[in-house]
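J.: Predicted model follows, preceded by the sequence.
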Amino acid sequence: MTNAISKVTKNGSSLNVEWRDGEKSNFNFMWLRDNCPTAHDKDSRHRMFNILNVSENLSPKKFLINTDGKLEIEWSEGNHISYYDPDWLRKNCYTIKNKQKYISPYQLWNSSLQDNLSLISIKHDEIMNSNEGLIKWLELLHQKGIAIVKNAPTEKKSAFPVLNRISHTRETFFKTPFEVINIPKPNNSAYSSHALRNHMDLPWFENPPGYQFLHCLINDAKGGDSSAIDAFAVANYLRNNEKDIFETLVSVPLKFRDKDYTQESHRNFYAPAISLTKDGDFNDIRFSVATMDTLDCHPDIMDKVYKAHHRFGNLLHDNKFQIKFRLEPGDIFSFNNRRILHGRTEFDPNSGHRHLQGYYMDRDEIIGRLNFLKK
């Protein structure tokens, strides 16, 4: 134990704790009982304590710092005594946590990244052969939202081994992998030779895939160059410079719809263009001109919504923010689908073949694997 408690006093429905280093904490009675070390199963670690079995008047009958330095509480109900390690209390102290300034894990970027794409590049074998390489890839994906894996095999489905170094992929009705090729009568514009504006994939899902991986197998056609933009950086620009536009994008839900004519399900979802976390950081950017449905906002705000959408869309294609590059065979363009918007230029299918294979993965798998490896 590195954290020592110097004094404990009762304060209404909580205990005040004074630490030897001068910090002060406040612990709610119900929070303490709910987090008693005996409340969890020793194997599954799931909470077994049933909070419904105590009354809202639960309180400590006795409390003290015992000879082991632990906070000891005898409860007024249930004939139960709890023992709290001070290191655990300090680590989980919500008083201290809520006083700390939030620091975003995201490293925002703009078009200057174009001059040094090596900053977001990593070799396939480095990921496959070491946890250090895997951590480097995961940190790029989490912090910058984008990475290009170089020199991967170019056989069909050959991205599975490197993706499985992270976790399992997410299946959708597009199947895994999905084939990004030019086909007759395409059910998605990605399966044509048309240019694609910067967009998020599947914004009409309640929970769109967190990350996308586009594995380049062949790219011999004229055109078909890729683009990417850090939509968090664009949103941050609006928050700092055009607050009315930003507030509209955060507060007004837009409607998105799956327009795939081959589907036997009707999928649509409402969500704002920009959503935030509990800390006010950026969570999602939903933008897709191709799959935004007919808007049904209140008539009093329709003009304002369209002006905000128009401004946001133009910034999401502004050369001050986006980067452009050409995928080579063996590249895996990997990115946060709910942060990095991606697109491509038109290509000529008669000039050569272009074939990418696509995979999705949930954001939980990226962050969870990174946290495990670093700890």
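T.: Yes, it's here.

J.: Please name the bridge partners of Phe256.
T.: Phe256 has the following beta-bridge partners by DSSP bridges: Phe269, Met292.

J.: Okay, domains of the protein per the record?
T.: Here the domain parsing of the chain from automatic domain parsing is 5-97, 111-374.

J.: Straight-line length of the longest one, end to end?
T.: Using C-alpha to C-alpha, to the nearest Å, the end-to-end distance of domain 111-374 comes to 30 Å.

J.: Restricting to C-alpha, output stretch 151-168 in CSV.
T.: Included here for stretch 151-168 are C-alpha records, laid out as CSV according to Å, rounded to 0.1, in the frame of the first residue of the first chain:
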residue,chain,number,x,y,z
ASN,A,151,4.0,-5.3,-47.8
ALA,A,152,1.1,-7.6,-46.8
PRO,A,153,0.5,-10.8,-48.9
THR,A,154,-1.8,-10.2,-51.9
GLU,A,155,-3.6,-13.5,-52.0
LYS,A,156,-7.4,-13.4,-51.5
LYS,A,157,-8.4,-13.3,-47.8
SER,A,158,-4.7,-13.0,-46.8
ALA,A,159,-5.5,-10.1,-44.4
PHE,A,160,-7.1,-12.5,-41.9
PRO,A,161,-3.9,-13.5,-40.1
VAL,A,162,-2.8,-9.9,-39.4
LEU,A,163,-6.3,-8.8,-38.4
ASN,A,164,-6.6,-11.8,-36.1
ARG,A,165,-3.5,-10.5,-34.2
ILE,A,166,-6.1,-7.9,-32.9
SER,A,167,-9.3,-9.9,-32.6
HIS,A,168,-12.2,-11.2,-34.6
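
J.: And the domains of the chain: which comes nearest Ile103?
T.: Nearest to Ile103 among the domains of the chain is domain 111-374; the distance by C-beta to C-beta comes to 9.4 Å. All C-beta spots, glycine's among them, are computed from the backbone N, C-alpha and C.

J.: where do the strands sit along the stretch 1-150 of the chain?
T.: Defined through DSSP state E, counting those that start in this stretch, the strands belonging to the stretch 1-150 of the chain, from first to last, are 5-11, 14-19, 24-28, 60-65, 71-75, 81-84, 121-123, 146-150.

J.: would you turn the ones you listed into CSV with distance to Phe160?
T.: Conversion of these to CSV gives the following (distance: least, C-beta to C-beta, whole Å):
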stretch, distance to Phe160
strand 5-11, 51
strand 14-19, 50
strand 24-28, 48
strand 60-65, 55
strand 71-75, 50
strand 81-84, 46
strand 121-123, 18
strand 146-150, 13
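
J.: Adding mean neighbour count, distance to Tyr359 and mean pLDDT, write those strands out as CSV.
T.: Formatted as CSV, the entries for the strands of the stretch 1-150 of the chain read as follows, by neighbours: other C-beta atoms under 10 Å; distance: least, C-beta to C-beta, whole Å; pLDDT from 0 to 100:
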stretch, mean neighbour count, distance to Tyr359, mean pLDDT
strand 5-11, 13, 50, 96
strand 14-19, 18, 48, 97
strand 24-28, 17, 44, 97
strand 60-65, 14, 53, 96
strand 71-75, 19, 49, 97
strand 81-84, 16, 45, 96
strand 121-123, 16, 17, 98
strand 146-150, 22, 12, 98
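
J.: How about the contacts made by the residue lying closest to Leu117 once chain neighbours are set aside?
T.: With C-beta to C-beta, 6 or more residues apart in numbering as the measure, Phe325 is the residue that lies nearest to Leu117, at 6.3 Å, once sequence neighbours are left out. The contact partners of Phe325, by C-beta atoms under 8 Å, 6 or more residues apart in numbering, come to Gln114, Leu117, Ile148, Asp225, Ser226, Ala228.

J.: For Ile127, which non-adjacent residue is spatially closest?
T.: For Ile127, the nearest residue in space outside its immediate sequence neighbours is Gly133; the separation is 4.5 Å by C-beta to C-beta, 6+ apart.

J.: and the one you found, how far is that from Val162?
T.: 10 Å (C-beta to C-beta, to the nearest Å).

J.: for Asp362, same thing?
T.: With distances defined as C-beta to C-beta, the gap from Asp362 to Val162 amounts to 17 Å.

J.: Between those two, which is the more surrounded one?
T.: Set Asp362 next to Val162 and count neighbours by other C-beta atoms under 10 Å: Val162 wins out with 21 against 17.

J.: The more buried one: what's its closest spatial neighbour, skipping adjacent residues?
T.: Val162's closest residue in space is Ile127 (C-beta to C-beta, 6+ apart), at 5.6 Å.

J.: pLDDT at the one you found, what is it?
T.: Note for Ile127: predicted pLDDT of 98.

J.: number of nearby residues for it?
T.: 25.

J.: Straight-line length of stretch 42-51, end to end?
T.: Taking C-alpha to C-alpha, stretch 42-51 runs 18 Å from one end to the other.

J.: what's the answer for stretch 46-57, then?
T.: The first-to-last residue distance of stretch 46-57 comes to 25 Å (C-alpha to C-alpha).

J.: May I see the buried residues of that stretch?
T.: Within stretch 46-57, the residues scored as buried using 16 or more other C-beta atoms under 10 Å are Phe49, Val54.

J.: Quick check, Asn268 in contact with Trp204.
T.: Yes: the pair Asn268 and Trp204 passes the contact test of C-beta atoms under 8 Å, sitting 5.4 Å apart.

J.: neighbour count winner among those two?
T.: Using other C-beta under 10 Å, the more surrounded residue of Asn268 and Trp204 is Trp204, with 22 against 13.
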